[in-house]
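Enquirer: kindly return the folded structure for what I paste below:
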Amino acid sequence: MARRHRLAISPHDYHRYRELNFDLGGQQYTVVTKPGIESWDEPDPTTRLLIEVMEVGSADRVVDLGCGVGLVGLVAAQGAPQGWVCLLDRNAVPVEAAQRTLALNGVLNAEVRLSDCGAAVQGQAFDLVAIHAPRERAVVQQCVRDAAALLQPGGRCYLAGATRSGVKSAIRYLEEIFGQTHLLAYKGGSRVVLAVKGEGVRVDEATSKEYYRFREVIAQVRGKRYTCITKRGLFSWDGVDEGTRRLVESMEIGPEERVLDLGCGYGLAGLVAADVAPGGEVVLVDADCVAVEAARRTLERNEVAHAEVLLSDCGAALLPLPPRGRDRPTDRDRAFNRTFDVVITNPPFHQGRGVSYQVSRQFIHDAAAMLRPGGRLYLVANRFIPYGREMEGLFQEVGFAYRDNRFQVWTAIKGRSPSRRGQERGRWASGCGGFPPDRATRSRTLPACGSVTRPSSRARMSALV
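Expert: Now for the predicted structure:
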């Protein structure tokens, strides 16, 4: 199939889910997707290869690790009408997209769960595990260990990934665990390999327990020691990254101010904000269920009572987005809106191995929407990322709280009304507003990591909206 042009997306359209049709091997598929999901607007080559070579028995029990929008899970469910398919992902955005995909296609023999690798289905037995190899080595290795533990003897493990995402090292680890692999397909730097579980395959349970174990890490910032709870697989899990350190050292927060930590990770910045604002309120949000659990444990460990952690696609859990069927929020919808005096963020700019500014752009727009007039944004970024033009269109004053040869902490103050330039810039297409072109859920309540989201009816589907 010829490569399609990328879809132009306005920040005001980021939170909308949409249906897209794909032709794979002469078969038509319809998925529900949205910006912010890797390869959201067309299947990546690795997914195409996996679908081409994956063989599913009619009664197979299947696990799809790293399900994305649910395309592989959909194909598996259609190929196993007497079987069962479980789609897992740690990020709330693809989880909801996959749920919507299954519901749209009337799939009843499948479920979608938030899960760190295969944790949500531990103790169950499956005939097939499909792994979309993530770029983090610790995560992909745990996916392989979980596959070995979940598969019945004779069960098949498909591992799919790209060379630029480190799939070669993942394949070597798959061989180490399973003993032998077979290359099924290779095209354009993407590979799919197969491993079959033999009677002699064993998994070192101690290694898996070590991956899933939450642990304490001490952060020395602002002249104080803070204890955070973290684990393998999270960004900078074993120490404070320099970007977050610069952000925390530079932010100025009053003792009674309301603060939002957008993209909180394991919660260090939000914890410091709660410490310097004992009479205020702090909300921490992240789309990764593992990060949300770590941040919750961080607050609990430090006995912080005036803060909460929410699972959220950018700021969606706090924004007054209109319900289905209406173009604009009503006054009642706006009553649920939460505004803040300060927003702090270290926004991501990677999806897989590539660079994407879709999510970081939306962080800026959602921050502007949730700040009160006169409220302040503190945003840390690498020096090479051009956030300035985007921020100037949304904020009255834009400057720097800190700069060195690697990082800069932007600071911006919200005016009483958006400028004409900002209103015009809200209509830009992907790649404008000072950003290079890129490729790269809204839900007031999303299930906890490991909980079930089963699309057996439209009613269950709407429960997450």
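
Enquirer: ok, residues contacting whichever strand or helix holds residue 148?
Expert: Element membership of residue 148 [criterion: DSSP states H and E] is helix 137-150. Here helix 137-150 makes contact (CB atoms under 8 Å, 6 or more residues apart in numbering) with 63, 65-66, 117-119, 121-122, 124-126, 129, 131, 133-134, 157, 159, 161, 166, 169-170, 173-174, 177-178, 197, 201-204, 207-208, 211-212, 232-233. C-betas here are computed from N, CA, C, even on glycine.

Enquirer: now list the buried members of the residues you listed.
Expert: Buried members of these, scored by 16 or more other CB atoms under 10 Å, are 63, 65-66, 117-119, 121, 126, 129, 131, 133-134, 157, 159, 161, 166, 170, 173-174, 177-178, 197, 201, 208, 211-212, 232-233.

Enquirer: how about the strands of the stretch 251-400 of the chain, start to end?
Expert: Along the stretch 251-400 of the chain, the segments classed as strands by DSSP state E, counting those that start in this stretch run 258-262, 281-286, 307-311, 340-345, 350-351, 354-355, 371-382, 397-403.

Enquirer: turn the ones you listed into TSV, including mean neighbour count and distance to residue 96.
Expert: Shown next, in TSV, are the strands of the stretch 251-400 of the chain (neighbours: other CB atoms under 10 Å; distance: least, CB to CB, whole Å):
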stretch	mean neighbour count	distance to residue 96
strand 258-262	27	19
strand 281-286	26	15
strand 307-311	22	10
strand 340-345	25	22
strand 350-351	18	17
strand 354-355	15	23
strand 371-382	20	26
strand 397-403	14	33
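
Enquirer: out of the ones you listed, nearest to residue 82?
Expert: Residue 82 lies closest to strand 307-311 among the strands of the stretch 251-400 of the chain, at 33.8 Å (CB to CB).

Enquirer: that closest one to strand 281-286, inter-axis angle?
Expert: Between the axis of strand 307-311 and that of strand 281-286 there is an angle of 20 degrees, by axes from the mean of the first three to the mean of the last three CA atoms, to 10 degrees.

Enquirer: tilt between strand 307-311 and strand 258-262?
Expert: Counting by the same axes, to 10 degrees, strand 307-311 lies at 30 degrees to strand 258-262.

Enquirer: turn the strands of the stretch 251-400 of the chain into CSV, including distance to residue 238 and mean pLDDT.
Expert: Output for the strands of the stretch 251-400 of the chain, formatted as CSV (distance: least, CB to CB, whole Å; pLDDT from 0 to 100):
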stretch, distance to residue 238, mean pLDDT
strand 258-262, 20, 98
strand 281-286, 18, 98
strand 307-311, 21, 97
strand 340-345, 22, 98
strand 350-351, 19, 46
strand 354-355, 24, 46
strand 371-382, 20, 96
strand 397-403, 24, 95
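
Enquirer: redo those as JSON lines? Include distance to residue 274.
Expert: JSON lines is the format used below for the strands of the stretch 251-400 of the chain (distance: least, CB to CB, whole Å):
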{"stretch": "strand 258-262", "distance to residue 274": "8"}
{"stretch": "strand 281-286", "distance to residue 274": "4"}
{"stretch": "strand 307-311", "distance to residue 274": "5"}
{"stretch": "strand 340-345", "distance to residue 274": "11"}
{"stretch": "strand 350-351", "distance to residue 274": "28"}
{"stretch": "strand 354-355", "distance to residue 274": "32"}
{"stretch": "strand 371-382", "distance to residue 274": "15"}
{"stretch": "strand 397-403", "distance to residue 274": "20"}
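
Enquirer: and the residue nearest to residue 210 when sequence neighbours are not counted, what pLDDT?
Expert: In space, and not counting its chain neighbours, residue 210 is closest to residue 232: 7.5 Å by CB to CB, 6 or more residues apart in numbering. According to the prediction, residue 232 has pLDDT 95.

Enquirer: can you give me every residue that contacts residue 232?
Expert: Counted by CB under 8 Å, 6+ apart, residue 232 has contacts 138, 139, 142, 210, 211.

Enquirer: can you give me the pLDDT of residue 393?
Expert: 89.

Enquirer: does residue 51 really touch residue 22, like I thought?
Expert: No - with contact defined as CB atoms under 8 Å, residue 51 does not count as touching residue 22 (9.9 Å).

Enquirer: which one of these two has more residues nearby?
Expert: Taking neighbours as other CB atoms under 10 Å, residue 51 and residue 22 compare with residue 51 leading, 22 against 17.

Enquirer: is the spatially most central residue of the chain in a bridge, and if so with what?
Expert: For the chain, the residue nearest the mean C-alpha position is residue 91 (3.8 Å; CA atoms, centre = their mean). Counting by DSSP bridges, residue 91 forms beta bridges with residue 288.

Enquirer: can you show me the CA trace of the helix holding residue 148 as CSV?
Expert: Provided in CSV are the C-alpha atoms of helix 137-150 (Å, rounded to 0.1, in the frame of the first residue of the first chain):
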residue,chain,number,x,y,z
ARG,A,137,15.7,-3.0,27.4
ALA,A,138,14.4,-3.8,30.9
VAL,A,139,10.8,-3.7,29.7
VAL,A,140,11.3,-5.9,26.6
GLN,A,141,13.3,-8.5,28.6
GLN,A,142,10.5,-8.7,31.2
CYS,A,143,8.0,-9.2,28.3
VAL,A,144,10.0,-12.1,27.2
ARG,A,145,10.2,-13.6,30.7
ASP,A,146,6.5,-13.1,31.1
ALA,A,147,5.8,-14.8,27.7
ALA,A,148,7.8,-17.8,28.8
ALA,A,149,5.9,-18.0,32.1
LEU,A,150,2.5,-17.5,30.5
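
Enquirer: tell me the first helix or strand C-terminal of it.
Expert: Past helix 137-150, the next helix or strand by DSSP H and E is strand 151-162.

Enquirer: so which elements touch that next one?
Expert: Applying 3 or more CB pairs under 8 Å, 6 or more residues apart in numbering; DSSP states H and E, one finds that strand 151-162 contacts helix 45-53, strand 126-132, helix 137-150, helix 167-178, strand 190-196.

Enquirer: direction included, what does that strand pair up with?
Expert: Assessed with DSSP bridges, strand 151-162 is paired to strand 126-132 (parallel), strand 190-196 (antiparallel).

Enquirer: the first one - what's its average pLDDT?
Expert: Per-residue pLDDT values over strand 126-132 give a mean of 97.

Enquirer: got the angle for that strand vs helix 167-178?
Expert: 160 degrees.

Enquirer: what are the ranges of the helices in this structure?
Expert: 45-53, 71-79, 92-104, 137-150, 167-178, 205-212, 242-250, 268-276, 289-301, 331-335, 358-370, 388-392, 420-425, 458-462 (DSSP state H).
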